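Undergrad: generate a structure from the sequence data that follows.
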Amino acid sequence: MPVAIRSLMFGLLILALGASPVAAEPQSAPMDNAPPPHDTAVLTITLADAVLMALENNRSLAVERLTPEIIQSFEDEARSVFDPVLSAGAATQRVVGPRPSTAEQNQVNKVDEGFIALDTYFPTGTALTLEAAAGRADAGRPDDGRYAGRLGLALNQSLLQGFGTAVNLARLRQARLETRISRYELQGFSEALVAGVEHAYWDYALSLRQIEIVRESLKLAEQQLSDTRAMIAVGAMAEAELPAVQAEVALQRQGLIDAKNAVAANRLRLLQLVNPPGAMFDRELALSHPPAIPSVQLDPVGRSVDEGLRRRPEMNQARLEIDRGELEVVRTRNGLLPRLDLFVQLGKSGYADSFGSAFGELDGDHYDAQAGIRLAYPLVNRDAKARHRRARLSREQAEKALDNLRQVVALDIRIAHLEVDRTREQIGASAATRQWQEEKLRIETEKFRVGRSTNLLVAQAQRDLLVSRIDEVRAVVAYLKALTDLYRFEGTLLERRGIGMDG
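TA: Modelled structure (predicted):
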(Lines give C-alpha, C1' and ligand atoms only; values in the text may rest on other atoms or scores of the structure.)
Protein backbone atom coordinates (compact mmCIF):
# COMPACT_ATOMS: atom_id res chain seq x y z
CA MET A 1 0.00 0.00 0.00
CA PRO A 2 2.73 2.53 0.77
CA VAL A 3 4.31 1.72 -2.59
CA ALA A 4 1.04 2.46 -4.41
CA ILE A 5 0.62 5.74 -2.53
CA ARG A 6 4.14 6.81 -3.38
CA SER A 7 3.56 5.95 -7.07
CA LEU A 8 0.33 7.95 -7.09
CA MET A 9 2.00 10.96 -5.48
CA PHE A 10 4.87 10.78 -7.98
CA GLY A 11 2.43 10.71 -10.90
CA LEU A 12 0.52 13.71 -9.55
CA LEU A 13 3.80 15.58 -9.17
CA ILE A 14 4.70 14.89 -12.82
CA LEU A 15 1.28 16.10 -13.98
CA ALA A 16 1.58 19.25 -11.90
CA LEU A 17 4.98 20.03 -13.37
CA GLY A 18 3.67 19.38 -16.88
CA ALA A 19 0.77 21.79 -16.31
CA SER A 20 3.02 24.45 -14.79
CA PRO A 21 3.04 27.70 -16.75
CA VAL A 22 6.83 27.69 -16.71
CA ALA A 23 7.00 24.24 -18.26
CA ALA A 24 4.15 24.78 -20.72
CA GLU A 25 5.19 28.21 -22.00
CA PRO A 26 7.51 27.97 -25.01
CA GLN A 27 10.76 29.86 -24.84
CA SER A 28 10.36 33.28 -26.38
CA ALA A 29 12.71 34.38 -29.11
CA PRO A 30 15.37 36.93 -28.20
CA MET A 31 14.30 40.51 -28.75
CA ASP A 32 17.36 41.15 -30.89
CA ASN A 33 15.99 38.84 -33.60
CA ALA A 34 12.63 40.60 -33.79
CA PRO A 35 12.16 42.53 -37.04
CA PRO A 36 12.12 46.30 -36.74
CA PRO A 37 8.67 47.85 -36.62
CA HIS A 38 7.37 48.93 -40.02
CA ASP A 39 6.82 52.63 -40.56
CA THR A 40 3.31 52.94 -41.95
CA ALA A 41 2.69 56.60 -41.09
CA VAL A 42 1.19 58.86 -43.73
CA LEU A 43 3.92 60.31 -45.94
CA THR A 44 3.21 63.89 -46.96
CA ILE A 45 5.43 65.07 -49.80
CA THR A 46 5.77 67.89 -52.28
CA LEU A 47 6.92 67.39 -55.85
CA ALA A 48 10.46 68.42 -54.88
CA ASP A 49 10.40 65.95 -51.98
CA ALA A 50 9.40 63.14 -54.32
CA VAL A 51 12.23 63.94 -56.73
CA LEU A 52 14.87 64.12 -53.99
CA MET A 53 13.65 60.92 -52.36
CA ALA A 54 13.83 59.11 -55.69
CA LEU A 55 17.39 60.32 -56.30
CA GLU A 56 18.40 59.14 -52.84
CA ASN A 57 16.45 55.89 -52.50
CA ASN A 58 15.45 54.55 -55.92
CA ARG A 59 16.99 51.11 -56.34
CA SER A 60 17.24 51.23 -60.12
CA LEU A 61 19.27 54.42 -59.83
CA ALA A 62 21.45 52.81 -57.15
CA VAL A 63 22.27 50.07 -59.66
CA GLU A 64 23.06 52.58 -62.42
CA ARG A 65 25.28 54.69 -60.15
CA LEU A 66 27.80 51.85 -59.96
CA THR A 67 28.29 51.71 -63.73
CA PRO A 68 30.65 54.74 -64.03
CA GLU A 69 32.79 53.40 -61.21
CA ILE A 70 32.96 50.00 -62.89
CA ILE A 71 33.86 51.55 -66.24
CA GLN A 72 36.46 53.79 -64.61
CA SER A 73 38.35 50.71 -63.43
CA PHE A 74 39.28 50.09 -67.08
CA GLU A 75 41.34 53.29 -66.97
CA ASP A 76 43.63 51.80 -64.34
CA GLU A 77 43.75 48.59 -66.34
CA ALA A 78 44.88 50.49 -69.45
CA ARG A 79 47.35 52.55 -67.42
CA SER A 80 48.87 49.39 -65.93
CA VAL A 81 50.77 48.79 -69.20
CA PHE A 82 53.16 51.54 -68.11
CA ASP A 83 53.62 50.26 -64.55
CA PRO A 84 57.22 49.25 -63.75
CA VAL A 85 57.76 45.56 -63.05
CA LEU A 86 60.34 44.37 -60.54
CA SER A 87 61.61 40.82 -60.98
CA ALA A 88 64.26 38.74 -59.28
CA GLY A 89 65.56 35.21 -59.49
CA ALA A 90 68.23 32.83 -58.27
CA ALA A 91 69.51 29.52 -59.60
CA THR A 92 72.17 26.97 -58.87
CA GLN A 93 73.70 24.49 -61.30
CA ARG A 94 75.88 21.41 -60.70
CA VAL A 95 77.59 19.65 -63.60
CA VAL A 96 79.63 16.44 -63.16
CA GLY A 97 81.92 15.48 -66.07
CA PRO A 98 85.41 14.18 -66.87
CA ARG A 99 88.43 16.30 -66.20
CA PRO A 100 90.13 17.58 -69.30
CA SER A 101 93.51 16.19 -68.15
CA THR A 102 92.36 12.66 -67.39
CA ALA A 103 89.26 10.63 -68.08
CA GLU A 104 89.62 8.59 -64.92
CA GLN A 105 88.50 11.32 -62.55
CA ASN A 106 85.34 13.37 -62.68
CA GLN A 107 85.19 17.13 -62.33
CA VAL A 108 82.33 18.83 -60.51
CA ASN A 109 81.43 22.30 -61.79
CA LYS A 110 79.03 24.37 -59.68
CA VAL A 111 77.46 27.66 -60.68
CA ASP A 112 75.37 29.90 -58.41
CA GLU A 113 73.75 33.02 -59.81
CA GLY A 114 71.05 35.55 -59.04
CA PHE A 115 69.60 38.73 -60.52
CA ILE A 116 67.20 41.58 -59.88
CA ALA A 117 65.69 43.62 -62.71
CA LEU A 118 63.35 46.54 -63.24
CA ASP A 119 61.34 46.67 -66.50
CA THR A 120 59.21 49.57 -67.62
CA TYR A 121 57.44 50.63 -70.80
CA PHE A 122 56.97 54.25 -71.83
CA PRO A 123 54.19 55.78 -73.98
CA THR A 124 56.79 56.65 -76.62
CA GLY A 125 57.15 52.95 -77.43
CA THR A 126 60.33 52.54 -75.41
CA ALA A 127 61.00 49.47 -73.30
CA LEU A 128 63.76 49.86 -70.71
CA THR A 129 65.33 47.23 -68.46
CA LEU A 130 67.80 47.82 -65.62
CA GLU A 131 69.45 44.67 -64.25
CA ALA A 132 71.95 43.74 -61.56
CA ALA A 133 73.32 40.18 -61.56
CA ALA A 134 75.87 38.27 -59.52
CA GLY A 135 77.25 34.76 -59.78
CA ARG A 136 79.89 32.33 -58.61
CA ALA A 137 81.49 29.44 -60.47
CA ASP A 138 84.04 26.86 -59.26
CA ALA A 139 85.69 23.84 -60.82
CA GLY A 140 85.19 21.44 -57.95
CA ARG A 141 87.20 23.14 -55.23
CA PRO A 142 86.04 26.07 -53.16
CA ASP A 143 89.32 27.90 -53.58
CA ASP A 144 88.91 27.81 -57.37
CA GLY A 145 85.63 29.78 -57.26
CA ARG A 146 85.35 33.17 -58.87
CA TYR A 147 82.69 35.80 -58.22
CA ALA A 148 81.24 38.00 -60.92
CA GLY A 149 78.95 41.05 -60.75
CA ARG A 150 77.22 42.81 -63.62
CA LEU A 151 75.08 45.92 -64.07
CA GLY A 152 73.18 46.06 -67.32
CA LEU A 153 70.84 48.29 -69.28
CA ALA A 154 68.67 47.16 -72.18
CA LEU A 155 66.64 49.50 -74.37
CA ASN A 156 64.18 48.60 -77.10
CA GLN A 157 62.63 51.39 -79.17
CA SER A 158 59.80 50.82 -81.64
CA LEU A 159 60.40 52.80 -84.82
CA LEU A 160 57.29 51.99 -86.85
CA GLN A 161 54.58 49.80 -85.30
CA GLY A 162 54.15 50.76 -81.65
CA PHE A 163 55.94 54.12 -81.99
CA GLY A 164 54.64 57.30 -80.39
CA THR A 165 52.19 58.35 -77.72
CA ALA A 166 49.25 58.50 -80.15
CA VAL A 167 49.04 54.73 -80.48
CA ASN A 168 50.37 53.74 -77.06
CA LEU A 169 47.96 56.00 -75.17
CA ALA A 170 44.97 55.17 -77.37
CA ARG A 171 43.65 52.47 -75.04
CA LEU A 172 43.90 54.76 -72.01
CA ARG A 173 42.19 57.61 -73.83
CA GLN A 174 39.44 55.27 -74.99
CA ALA A 175 38.92 54.11 -71.41
CA ARG A 176 38.58 57.72 -70.28
CA LEU A 177 36.04 58.39 -73.01
CA GLU A 178 34.07 55.31 -71.97
CA THR A 179 33.98 56.63 -68.40
CA ARG A 180 32.58 59.94 -69.65
CA ILE A 181 30.06 58.09 -71.81
CA SER A 182 28.89 56.10 -68.79
CA ARG A 183 28.39 59.34 -66.86
CA TYR A 184 26.24 60.76 -69.63
CA GLU A 185 24.28 57.51 -69.61
CA LEU A 186 23.76 57.97 -65.87
CA GLN A 187 22.62 61.55 -66.50
CA GLY A 188 20.12 60.34 -69.09
CA PHE A 189 18.83 57.67 -66.72
CA SER A 190 18.51 60.24 -63.92
CA GLU A 191 16.58 62.62 -66.16
CA ALA A 192 14.25 59.81 -67.18
CA LEU A 193 13.79 58.89 -63.51
CA VAL A 194 13.00 62.48 -62.49
CA ALA A 195 10.54 62.77 -65.37
CA GLY A 196 8.96 59.48 -64.35
CA VAL A 197 8.63 60.65 -60.75
CA GLU A 198 6.97 63.89 -61.82
CA HIS A 199 4.59 62.02 -64.12
CA ALA A 200 3.73 59.56 -61.34
CA TYR A 201 3.23 62.44 -58.88
CA TRP A 202 0.78 64.21 -61.19
CA ASP A 203 -0.99 60.98 -62.10
CA TYR A 204 -1.54 60.29 -58.41
CA ALA A 205 -2.73 63.87 -57.86
CA LEU A 206 -5.13 63.50 -60.78
CA SER A 207 -6.52 60.22 -59.44
CA LEU A 208 -7.05 61.79 -55.99
CA ARG A 209 -8.93 64.71 -57.51
CA GLN A 210 -10.85 62.37 -59.79
CA ILE A 211 -12.12 60.26 -56.92
CA GLU A 212 -13.30 63.43 -55.15
CA ILE A 213 -15.22 64.47 -58.26
CA VAL A 214 -16.74 61.01 -58.71
CA ARG A 215 -17.86 60.93 -55.07
CA GLU A 216 -19.48 64.34 -55.43
CA SER A 217 -21.21 63.20 -58.60
CA LEU A 218 -22.41 60.02 -56.87
CA LYS A 219 -23.76 62.14 -54.05
CA LEU A 220 -25.72 64.24 -56.55
CA ALA A 221 -27.08 61.11 -58.22
CA GLU A 222 -28.15 59.65 -54.88
CA GLN A 223 -29.85 62.95 -54.00
CA GLN A 224 -31.62 62.85 -57.34
CA LEU A 225 -32.76 59.30 -56.59
CA SER A 226 -34.06 60.37 -53.18
CA ASP A 227 -35.97 63.32 -54.69
CA THR A 228 -37.44 61.08 -57.37
CA ARG A 229 -38.70 58.55 -54.85
CA ALA A 230 -40.22 61.36 -52.78
CA MET A 231 -42.02 62.76 -55.81
CA ILE A 232 -43.28 59.29 -56.79
CA ALA A 233 -44.53 58.77 -53.23
CA VAL A 234 -46.71 61.89 -53.39
CA GLY A 235 -47.88 61.10 -56.90
CA ALA A 236 -46.04 64.01 -58.53
CA MET A 237 -44.02 61.71 -60.82
CA ALA A 238 -44.58 58.42 -62.57
CA GLU A 239 -42.62 55.36 -61.51
CA ALA A 240 -41.29 55.10 -65.06
CA GLU A 241 -38.82 57.86 -64.17
CA LEU A 242 -37.16 55.74 -61.47
CA PRO A 243 -35.02 53.33 -63.61
CA ALA A 244 -33.13 56.16 -65.29
CA VAL A 245 -31.91 57.67 -62.03
CA GLN A 246 -31.21 54.23 -60.55
CA ALA A 247 -29.07 53.40 -63.56
CA GLU A 248 -27.20 56.68 -63.09
CA VAL A 249 -26.47 55.86 -59.44
CA ALA A 250 -25.21 52.40 -60.42
CA LEU A 251 -23.05 53.92 -63.14
CA GLN A 252 -21.52 56.43 -60.71
CA ARG A 253 -20.76 53.64 -58.22
CA GLN A 254 -19.07 51.72 -61.00
CA GLY A 255 -16.97 54.79 -61.76
CA LEU A 256 -16.09 55.11 -58.08
CA ILE A 257 -14.73 51.55 -58.08
CA ASP A 258 -12.47 52.37 -61.02
CA ALA A 259 -11.39 55.64 -59.40
CA LYS A 260 -10.42 53.86 -56.18
CA ASN A 261 -8.37 51.35 -58.13
CA ALA A 262 -6.62 54.16 -60.02
CA VAL A 263 -5.70 55.85 -56.73
CA ALA A 264 -4.28 52.62 -55.32
CA ALA A 265 -2.31 51.78 -58.47
CA ASN A 266 -0.85 55.29 -58.86
CA ARG A 267 0.07 55.35 -55.17
CA LEU A 268 2.02 52.11 -55.56
CA ARG A 269 3.82 53.38 -58.67
CA LEU A 270 4.88 56.57 -56.93
CA LEU A 271 5.98 54.67 -53.81
CA GLN A 272 8.12 52.34 -55.90
CA LEU A 273 9.90 55.31 -57.48
CA VAL A 274 10.55 57.29 -54.28
CA ASN A 275 11.19 54.11 -52.23
CA PRO A 276 10.58 55.52 -48.71
CA PRO A 277 11.88 53.63 -45.66
CA GLY A 278 9.68 51.26 -43.72
CA ALA A 279 6.86 49.18 -45.12
CA MET A 280 7.07 50.88 -48.49
CA PHE A 281 3.93 49.62 -50.22
CA ASP A 282 1.87 49.99 -47.04
CA ARG A 283 2.57 53.72 -46.70
CA GLU A 284 -0.22 56.16 -47.35
CA LEU A 285 0.67 59.17 -49.46
CA ALA A 286 -0.57 62.72 -49.08
CA LEU A 287 0.40 65.32 -51.68
CA SER A 288 0.97 68.88 -50.53
CA HIS A 289 1.50 70.17 -54.07
CA PRO A 290 -1.83 69.96 -55.96
CA PRO A 291 -1.91 70.47 -59.74
CA ALA A 292 -1.63 74.17 -60.53
CA ILE A 293 -0.75 76.16 -63.62
CA PRO A 294 2.87 77.37 -63.28
CA SER A 295 4.05 80.72 -64.52
CA VAL A 296 6.73 79.89 -67.09
CA GLN A 297 8.20 81.66 -70.08
CA LEU A 298 9.34 79.19 -72.72
CA ASP A 299 12.26 79.83 -75.05
CA PRO A 300 11.59 80.03 -78.78
CA VAL A 301 11.56 76.70 -80.55
CA GLY A 302 14.83 77.34 -82.35
CA ARG A 303 16.64 78.15 -79.12
CA SER A 304 15.21 75.06 -77.46
CA VAL A 305 16.46 72.92 -80.34
CA ASP A 306 19.94 74.42 -80.05
CA GLU A 307 19.88 73.79 -76.31
CA GLY A 308 18.87 70.18 -76.84
CA LEU A 309 21.56 69.59 -79.46
CA ARG A 310 24.13 70.91 -77.02
CA ARG A 311 22.95 69.40 -73.75
CA ARG A 312 21.05 66.18 -74.40
CA PRO A 313 23.03 63.30 -72.83
CA GLU A 314 22.46 61.21 -75.96
CA MET A 315 24.08 63.89 -78.11
CA ASN A 316 27.14 64.07 -75.89
CA GLN A 317 27.38 60.28 -75.85
CA ALA A 318 27.26 60.20 -79.65
CA ARG A 319 30.02 62.81 -79.94
CA LEU A 320 32.22 60.85 -77.56
CA GLU A 321 31.56 57.67 -79.54
CA ILE A 322 32.98 59.41 -82.61
CA ASP A 323 36.08 60.44 -80.64
CA ARG A 324 36.44 56.89 -79.40
CA GLY A 325 36.14 55.58 -82.96
CA GLU A 326 38.82 58.00 -84.13
CA LEU A 327 41.20 56.63 -81.51
CA GLU A 328 40.42 53.10 -82.67
CA VAL A 329 41.29 54.11 -86.25
CA VAL A 330 44.63 55.49 -85.06
CA ARG A 331 45.35 52.34 -83.10
CA THR A 332 44.45 49.92 -85.88
CA ARG A 333 46.23 51.98 -88.56
CA ASN A 334 49.43 51.52 -86.60
CA GLY A 335 48.92 47.76 -86.85
CA LEU A 336 49.34 47.98 -90.63
CA LEU A 337 52.98 49.06 -90.23
CA PRO A 338 55.87 46.59 -90.08
CA ARG A 339 57.56 45.92 -86.77
CA LEU A 340 60.93 47.69 -86.75
CA ASP A 341 62.74 47.91 -83.40
CA LEU A 342 66.05 49.42 -82.41
CA PHE A 343 67.69 47.63 -79.49
CA VAL A 344 70.71 48.52 -77.38
CA GLN A 345 72.24 46.48 -74.55
CA LEU A 346 75.05 47.74 -72.32
CA GLY A 347 76.72 45.97 -69.41
CA LYS A 348 79.59 46.50 -66.99
CA SER A 349 81.13 43.53 -65.17
CA GLY A 350 83.54 43.00 -62.33
CA TYR A 351 85.36 39.85 -61.15
CA ALA A 352 86.88 39.12 -57.73
CA ASP A 353 87.12 36.57 -54.94
CA SER A 354 83.92 37.77 -53.19
CA PHE A 355 80.59 39.31 -54.10
CA GLY A 356 81.41 42.66 -52.56
CA SER A 357 84.75 42.87 -54.30
CA ALA A 358 83.19 41.84 -57.62
CA PHE A 359 80.86 44.86 -57.64
CA GLY A 360 83.78 46.99 -56.52
CA GLU A 361 85.59 46.06 -59.73
CA LEU A 362 82.84 47.42 -61.98
CA ASP A 363 85.04 50.39 -62.83
CA GLY A 364 87.46 48.05 -64.56
CA ASP A 365 87.82 47.31 -68.25
CA HIS A 366 85.25 44.53 -68.49
CA TYR A 367 82.08 45.47 -70.35
CA ASP A 368 79.71 44.22 -73.02
CA ALA A 369 77.70 46.12 -75.62
CA GLN A 370 75.24 45.19 -78.32
CA ALA A 371 73.11 47.21 -80.74
CA GLY A 372 70.98 46.38 -83.72
CA ILE A 373 67.58 46.44 -85.37
CA ARG A 374 64.85 43.83 -85.81
CA LEU A 375 62.27 43.76 -88.59
CA ALA A 376 59.10 41.68 -88.71
CA TYR A 377 56.12 41.97 -91.05
CA PRO A 378 53.29 39.54 -91.83
CA LEU A 379 53.18 39.00 -95.58
CA VAL A 380 49.37 39.12 -95.79
CA ASN A 381 48.50 40.85 -92.50
CA ARG A 382 44.80 40.08 -92.80
CA ASP A 383 44.13 40.53 -89.10
CA ALA A 384 45.42 44.11 -88.98
CA LYS A 385 43.66 45.02 -92.24
CA ALA A 386 40.35 43.64 -91.00
CA ARG A 387 40.65 45.49 -87.69
CA HIS A 388 41.45 48.77 -89.44
CA ARG A 389 38.59 48.40 -91.91
CA ARG A 390 36.17 47.62 -89.08
CA ALA A 391 37.38 50.67 -87.14
CA ARG A 392 36.84 52.98 -90.14
CA LEU A 393 33.36 51.61 -90.76
CA SER A 394 32.46 51.92 -87.08
CA ARG A 395 33.60 55.54 -87.06
CA GLU A 396 31.52 56.27 -90.16
CA GLN A 397 28.55 54.56 -88.54
CA ALA A 398 28.96 56.70 -85.41
CA GLU A 399 29.04 59.87 -87.53
CA LYS A 400 25.85 58.89 -89.36
CA ALA A 401 24.22 57.99 -86.04
CA LEU A 402 25.01 61.48 -84.76
CA ASP A 403 23.43 63.05 -87.84
CA ASN A 404 20.32 60.95 -87.33
CA LEU A 405 20.21 61.81 -83.64
CA ARG A 406 20.28 65.52 -84.48
CA GLN A 407 17.06 65.09 -86.43
CA VAL A 408 15.47 63.01 -83.68
CA VAL A 409 16.32 65.59 -81.01
CA ALA A 410 14.99 68.45 -83.13
CA LEU A 411 11.80 66.49 -83.81
CA ASP A 412 11.32 65.62 -80.13
CA ILE A 413 11.66 69.24 -79.05
CA ARG A 414 9.39 70.64 -81.75
CA ILE A 415 6.66 68.10 -80.96
CA ALA A 416 7.11 68.80 -77.23
CA HIS A 417 6.58 72.53 -77.89
CA LEU A 418 3.40 71.72 -79.80
CA GLU A 419 2.18 69.57 -76.93
CA VAL A 420 2.87 72.33 -74.40
CA ASP A 421 0.91 74.81 -76.52
CA ARG A 422 -1.96 72.35 -77.00
CA THR A 423 -2.30 71.47 -73.32
CA ARG A 424 -2.08 75.13 -72.28
CA GLU A 425 -4.94 76.02 -74.60
CA GLN A 426 -6.91 73.00 -73.42
CA ILE A 427 -6.83 74.35 -69.86
CA GLY A 428 -8.91 77.38 -70.80
CA ALA A 429 -11.16 75.41 -73.11
CA SER A 430 -11.86 72.71 -70.53
CA ALA A 431 -12.60 75.33 -67.87
CA ALA A 432 -15.15 76.97 -70.18
CA THR A 433 -16.69 73.57 -70.94
CA ARG A 434 -17.02 72.82 -67.25
CA GLN A 435 -18.71 76.17 -66.60
CA TRP A 436 -21.29 75.59 -69.34
CA GLN A 437 -21.89 72.04 -68.16
CA GLU A 438 -22.61 73.37 -64.67
CA GLU A 439 -25.11 75.81 -66.14
CA LYS A 440 -26.64 73.04 -68.23
CA LEU A 441 -27.13 70.84 -65.15
CA ARG A 442 -28.62 73.75 -63.21
CA ILE A 443 -31.16 74.41 -65.94
CA GLU A 444 -32.08 70.73 -66.34
CA THR A 445 -32.52 70.41 -62.58
CA GLU A 446 -34.83 73.43 -62.45
CA LYS A 447 -36.83 72.12 -65.39
CA PHE A 448 -37.08 68.72 -63.68
CA ARG A 449 -38.47 70.30 -60.51
CA VAL A 450 -41.28 71.97 -62.44
CA GLY A 451 -41.97 68.84 -64.47
CA ARG A 452 -40.49 70.02 -67.78
CA SER A 453 -37.54 67.60 -67.87
CA THR A 454 -36.85 63.95 -67.16
CA ASN A 455 -34.48 62.00 -64.98
CA LEU A 456 -32.73 60.78 -68.12
CA LEU A 457 -31.86 64.32 -69.20
CA VAL A 458 -30.76 65.27 -65.68
CA ALA A 459 -28.58 62.15 -65.45
CA GLN A 460 -27.03 62.95 -68.82
CA ALA A 461 -26.26 66.49 -67.65
CA GLN A 462 -24.71 65.15 -64.43
CA ARG A 463 -22.57 62.74 -66.44
CA ASP A 464 -21.44 65.49 -68.81
CA LEU A 465 -20.50 67.69 -65.86
CA LEU A 466 -18.53 64.85 -64.29
CA VAL A 467 -16.56 64.33 -67.49
CA SER A 468 -15.90 68.06 -67.89
CA ARG A 469 -14.65 68.46 -64.31
CA ILE A 470 -12.26 65.54 -64.72
CA ASP A 471 -11.13 66.86 -68.11
CA GLU A 472 -10.37 70.24 -66.55
CA VAL A 473 -8.01 68.70 -63.98
CA ARG A 474 -6.59 66.34 -66.60
CA ALA A 475 -5.75 69.31 -68.83
CA VAL A 476 -3.71 70.94 -66.05
CA VAL A 477 -1.89 67.67 -65.34
CA ALA A 478 -1.23 67.13 -69.06
CA TYR A 479 0.28 70.63 -69.25
CA LEU A 480 2.56 69.95 -66.28
CA LYS A 481 3.69 66.64 -67.77
CA ALA A 482 4.25 68.27 -71.16
CA LEU A 483 6.57 70.83 -69.55
CA THR A 484 8.51 68.03 -67.88
CA ASP A 485 8.90 66.21 -71.19
CA LEU A 486 10.04 69.38 -72.95
CA TYR A 487 12.72 70.03 -70.33
CA ARG A 488 13.87 66.42 -70.58
CA PHE A 489 14.11 66.61 -74.36
CA GLU A 490 16.14 69.81 -73.98
CA GLY A 491 18.48 68.11 -71.50
CA THR A 492 17.76 70.83 -68.92
CA LEU A 493 15.41 68.99 -66.56
CA LEU A 494 17.99 68.26 -63.86
CA GLU A 495 19.33 71.81 -63.92
CA ARG A 496 15.83 73.30 -63.72
CA ARG A 497 15.19 71.11 -60.67
CA GLY A 498 18.43 72.24 -59.01
CA ILE A 499 20.22 68.91 -59.51
CA GLY A 500 23.87 68.92 -60.57
CA MET A 501 25.77 66.07 -62.21
CA ASP A 502 29.28 65.47 -63.52
CA GLY A 503 29.77 66.12 -67.20
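Undergrad: return the residues in contact with the closest residue in space to Met280 that isn't next to it in sequence.
TA: Leaving aside its sequence neighbours, Met280 sits nearest to Leu271 (C-beta to C-beta, 6 or more residues apart in numbering; 5.5 Å). Heads up, the C-betas are built off the backbone N, CA and C, glycines and all. Contacts here follow C-beta atoms under 8 Å, 6 or more residues apart in numbering; on that basis Leu271 touches 280-281, 283, 285.
Undergrad: one more: Asp368?
TA: 152, 345-347, 349.
Undergrad: what residues are bridge-paired with it?
TA: Gly347 (DSSP bridges).
Undergrad: for Ile373, same thing?
TA: Beta-bridge pairing for Ile373 (DSSP bridges): Leu342.
Undergrad: in terms of pLDDT, where does it sit?
TA: pLDDT for Ile373: 95.
Undergrad: also Pro378?
TA: So, for Pro378, pLDDT stands at 89.
Undergrad: show me where the chain has its strands.
TA: Along the chain, the segments classed as strands by DSSP state E run 43-45, 85-98, 106-122, 126-138, 146-158, 285-287, 339-352, 367-376.
Undergrad: could those go into a markdown table alongside distance to Ile257?
TA: Shown next, in a markdown table, are the strands of the chain (distance: least, C-beta to C-beta, whole Å):
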| stretch | distance to Ile257 |
| --- | --- |
| strand 43-45 | 25 |
| strand 85-98 | 73 |
| strand 106-122 | 73 |
| strand 126-138 | 78 |
| strand 146-158 | 77 |
| strand 285-287 | 20 |
| strand 339-352 | 78 |
| strand 367-376 | 80 |
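Undergrad: outline the domain layout of the protein.
TA: Segmentation of the chain into domains, based on automatic domain parsing, reads 39-83+165-337+381-503, 94-122+126-161+339-376.
Undergrad: distance of the closest residue to Ile322 other than its chain neighbours relative to Arg389?
TA: Nearest residue to Ile322, sequence neighbours excluded (C-beta to C-beta, 6+ apart): Ala398, at 4.7 Å. According to C-beta to C-beta, to the nearest Å, Ala398 and Arg389 sit 15 Å apart.
Undergrad: the two: which has the busier surroundings?
TA: Ala398 (18 against 11; other C-beta atoms under 10 Å).
Undergrad: centroid-nearest residue for the chain?
TA: Glu64 (1.4 Å; C-alpha atoms, centre = their mean).
Undergrad: now do the contacts for it.
TA: Here Glu64 is in contact with 185-186, 189-190 (criterion: C-beta under 8 Å, 6+ apart).
Undergrad: and for Ile427, the neighbour number?
TA: 17.
Undergrad: helices - which of the contacts of Glu64 land there?
TA: Counting by DSSP state H, the contacts of Glu64 place 185-186, 189-190 in helices.
Undergrad: could those go into TSV alongside pLDDT and distance to Lys219?
TA: Shown next, in TSV, are the ones in helices among the contacts of Glu64 (pLDDT from 0 to 100; distance: C-beta to C-beta, whole Å):
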residue	pLDDT	distance to Lys219
Glu185	95	51
Leu186	94	49
Phe189	95	45
Ser190	95	44
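Undergrad: out of those, which is nearest to Leu340?
TA: Nearest to Leu340 among these is Glu185, at 41.3 Å by C-beta to C-beta.
Undergrad: so the closest one is in contact with Asn316, correct?
TA: No: the criterion here is C-beta atoms under 8 Å, and Glu185 misses it with Asn316 at 10.0 Å.
Undergrad: least confident secondary structure element in this protein?
TA: Averaged element by element with mean pLDDT, DSSP states H and E, the chain has its least confident helix or strand at helix 21-24 (a mean of 37).
Undergrad: ok so, going back, selecting buried members of the contacts of Leu271 in ChimeraX, what would you type?
TA: Those of the contacts of Leu271 that count as buried under 16 or more other C-beta atoms under 10 Å are selected in ChimeraX with:
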select :280,283,285
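Undergrad: what mean pLDDT does stretch 116-123 get?
TA: Computed over stretch 116-123, the mean pLDDT rounds to 96.
Undergrad: pull out the buried residues from that stretch.
TA: For stretch 116-123, a neighbour-count test (16+ other C-beta under 10 Å) marks 117, 121 as buried.
Undergrad: which residues touch it?
TA: 81-88, 127-133, 165, 168-169.
Undergrad: related to what we said a few turns ago, could you measure from the residue nearest to the centre of the chain over to Leu128?
TA: Glu64 is 43 Å from Leu128, by C-beta to C-beta.
Undergrad: hmm, back to that, rebuild the contacts of Leu271 as a markdown table, extending it with distance to Arg312 and pLDDT.
TA: Formatted as a markdown table, the contacts of Leu271 follow (distance: C-beta to C-beta, whole Å; pLDDT from 0 to 100):
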| residue | distance to Arg312 | pLDDT |
| --- | --- | --- |
| Met280 | 33 | 74 |
| Phe281 | 34 | 84 |
| Arg283 | 35 | 83 |
| Leu285 | 32 | 87 |
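Undergrad: next, format the contacts of Leu271 as TSV and append distance to Ile413.
TA: Compiled in TSV, the contacts of Leu271 are given as follows (distance: C-beta to C-beta, whole Å):
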residue	distance to Ile413
Met280	36
Phe281	37
Arg283	37
Leu285	33
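Undergrad: quick check, nearest of the contacts of Leu271 to Leu309?
TA: Among those, and counting by C-beta to C-beta, the member closest to Leu309 is Leu285, at 38.0 Å.
Undergrad: the closest one against Thr46, yeah?
TA: No: Leu285 is beyond contact range of Thr46, at 11.7 Å (criterion: C-beta under 8 Å).
Undergrad: where does pLDDT dip in this protein?
TA: 1-40, 96-109, 137-145, 279, 351-364, 501-503 (pLDDT under 70).
Undergrad: and the residue nearest to Arg267 when sequence neighbours are not counted, bridged to which residues?
TA: Once flanking residues are discounted, Arg267 sits nearest to Leu285: 5.3 Å by C-beta to C-beta, 6+ apart. Beta bridges link Leu285 to Leu43, judged by DSSP bridges.
Undergrad: now Ser182: how far from Ile470?
TA: 43 Å.
Undergrad: do the same with Gly255
TA: The value you get for Gly255 to Ile470, if C-beta to C-beta is used, is 10 Å.
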